[in-house]
Each structure stands twice: as C-alpha cells, then as structure tokens.
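**Student:** Take a look and give me a structure for this.
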Amino acid sequence: MFNKSQLIAIIFIVAFFIIGLIVKGIHDYSVLPSKKDDLLNSKTNTESPLLTSKPVKKILVEIRGAIKKPGEYTLVEGNKYFDLIKIAGGATEKADQNRIKKNYTLKGGYTFYVPYKRSQNSFYRNKWIHLEIKGAVHKPGKYTLRQGSRYFDLIKLAGGLTKQGDSRRVKKNYYLKDGYSFYVPFKRFRKGILKNKWIDIEIRGAVKKPGVYKMRSGSRFYRLVKMAGGFGSKANRKKKYKNYYLKDGQSFYIPYK
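**Tutor:** Numbers count the residues shown, from 1 in each chain. As a prediction, the model looks like this:
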C-alpha cells in the first residue's frame, strides 16, 4: 500500500487533472455560437445585397460633334459623360477638351455635342460656335459662325429662306448658342380663320412614325404622339410626360427603355 506522502501526491495529481478538465469545458462552451447568433447570421445571409439588388436601369443618349463614332448609345443609369465619350471611340484631335464637362451624370433622351477647337490664329480666338439648320432654307446643314451672331446670320449663310419658308414664324433676331439645331417652318395655306395658325413640330426616338408634323396652334403633346402612331413597344413608359401646349419649331425625343 501507499504511504501517507504518496497518497497526498496521488490526490494532488488527480485533483489537478479534474480541475483542468473543468476549465477546458468552460472555455469550449464560451466559444460555441448561441442560437441567437445563429438566427442573426441566417437573417444576414438571406438579406444579402446580391439577392435583393434592383434590376439595372438603362438609358439611351446621343452624342455628336468632335467624336470618332457619333450616334446613339445605350448605357446604365448613373454613368458619366466620360463613359459615353469612351464608348463612342473618344474625342477627335479637333475636340476642345477644356469645354467638355466629363464628370456630368448622363440622363436618358439627351443629346450631347462635343465642341471643336476654336481658331488659334484669329483675333476672334475662342469665339466660334457650331450650329445646324434644316427645314425651309436653300442649304440646310451644319455651319460655324462667330459667337454673338443672330438667327438671321445663320439663315443668310444657309442661302436664305425658300419660297415655301414662313418668315413670320422665324425669330430672326435671336442670339445663337453653340450646339443648337434650328428648324425653319414652311408656310401653311388655309382659308378663313385657320390661316397662319399652324405649327411645325418634330418628334423622334421611340415612336412608331418619327418625323416632322404640321399641327394646329394650341395642340398638346399627346396629340403629337398620336399623330406619330403612338409610343413604340420599346418606349420608356415609366417616364412621366407633361401634356403641355406645343410651340412652333419644337423638337421632342422619346427615350427607349
């Protein structure tokens, strides 16, 4: 049998071993996840952004001017102007980089014009504008004029009005702005009270019959859409269109989805 000192040593070893097991059990229990944590984790997983993300909204925009590939492009809502320029092949060597707001957030249905460099060897340096004119003029097309020119200067450069042009519906004293497009209306011959009460309106984009339409003065926007055959199947119907009164020479663009 064991003597007294041996028994004390054995008891001490057994006690030390038992205490070690108790301490280890307490530590393992503390690191186990609770049921509450499991529920929180499962809730977090089900609410992952990848599962609840909204569908990407696309917009249609147009770009022209000093760009390598002018035309219409479809981008994601929230894209910047520099994204559109990159997709369109980038600006040409003649583009004026100082006049391009590249960080502008794009909006659907808009047309963007990349300006050209102005003359470097002229007294009128940085004072040139680029415009377009169509309709009842002899030479419709794109023209470059000095800043500060008026509408009648553009008409004169385009060869003047044709015999069918309605001069009474042209605001010739209007100051021109860079990148604008003008439509010179044709005459409308009507008897009696309807004489000179017709307007020319252009509509393009997501309609069945885009083009220029002659309408009575006082007509509203949805009347124009109806004349153009209505909205196309790919028209952005979520956009709210105001049924305001139309004005002579206006141009409307209906964006796609």
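**Student:** got the contact list for stretch 229-236?
**Tutor:** The contact list for stretch 229-236 (Cβ atoms under 8 Å, 6 or more residues apart in numbering) reads 108-109, 205-209, 225, 237, 254-257. Bear in mind the C-beta positions are built from the backbone N, C-alpha and C, glycine included.
**Student:** Quick check: end-to-end length of stretch 110-127?
**Tutor:** End-to-end distance of stretch 110-127 (Cα to Cα, to the nearest Å): 25 Å.
**Student:** and if you look at stretch 178-198?
**Tutor:** Taking Cα to Cα as the criterion, the two ends of stretch 178-198 lie 28 Å apart.
**Student:** now stretch 223-231
**Tutor:** 12 Å.
**Student:** List the buried residues in it.
**Tutor:** R223, L224, V225, M227, A228, F231 (16 or more other Cβ atoms under 10 Å).
**Student:** Run a quick neighbour tally on the spatially closest residue to H130 that is not a sequence neighbour.
**Tutor:** Nearest non-adjacent residue to H130, counting by Cβ to Cβ, 6 or more residues apart in numbering: T144, 5.4 Å away. Close neighbours of T144, defined as other Cβ atoms under 10 Å, add up to 14.
**Student:** Where does T144 sit: helix, strand or coil?
**Tutor:** Following DSSP: H, G, I helix; E, B strand; the rest coil, the label given to T144 is strand.
**Student:** where exactly do the helices run in the stretch 1-150 of the chain?
**Tutor:** Assigned by DSSP state H, counting those that start in this stretch, the helices in the stretch 1-150 of the chain fall at 4-31, 35-46, 49-52, 81-87.
**Student:** Which residues are in contact with the most centrally placed residue in the chain?
**Tutor:** Computing the C-alpha centroid of the chain and ranking residues by Cα atoms, centre = their mean puts K107 first, at 2.2 Å. By Cβ under 8 Å, 6+ apart, the residues touching K107 are I59, V61.
**Student:** how about a cut-off of 10 Å?
**Tutor:** K107 is in contact with I59, V61, E77, P255, counting by Cβ atoms under 10 Å, 6 or more residues apart in numbering.
**Student:** pLDDT score for the third one?
**Tutor:** As summarised for this prediction, E77 has a pLDDT of 85.
**Student:** shaky segments in the stretch 101-250 of the chain?
**Tutor:** The model of the stretch 101-250 of the chain has pLDDT under 70 over residues 118-126, 188-196.
**Student:** what about 50?
**Tutor:** Counting by pLDDT under 50, the ranges of the stretch 101-250 of the chain that qualify are 120-125, 190-195.
**Student:** Got the domain ranges for the chain?
**Tutor:** Domain ranges of the chain: 15-51, 119-187, 196-251, per automatic domain parsing.
**Student:** looking at these, which is closest to I87?
**Tutor:** Relative to I87, the nearest member of the domains of the chain by Cβ to Cβ is domain 196-251, separated by 19.1 Å.
**Student:** where do the strands sit along this protein?
**Tutor:** Using DSSP state E, the strands of the chain run over 58-65, 71-76, 111-114, 128-135, 141-146, 181-184, 198-205, 211-216, 251-254.
**Student:** on contacts alone, who are the packing partners of the second one?
**Tutor:** Helices and strands touching strand 71-76, by 3 or more Cβ pairs under 10 Å, 6 or more residues apart in numbering; DSSP states H and E, are strand 58-65, helix 81-87.
**Student:** any idea how far the closest residue in space to V207 that isn't next to it in sequence is from K156?
**Tutor:** Spatial nearest neighbour of V207, excluding adjacent residues (Cβ to Cβ, 6+ apart): A228 at 4.2 Å. A228 sits 33 Å away from K156, going by Cβ to Cβ, to the nearest Å.
**Student:** picking up where we left off before, which of the strands of the chain sits closest to Y244?
**Tutor:** Per Cβ to Cβ, nearest to Y244 of the strands of the chain: strand 251-254, 10.9 Å.
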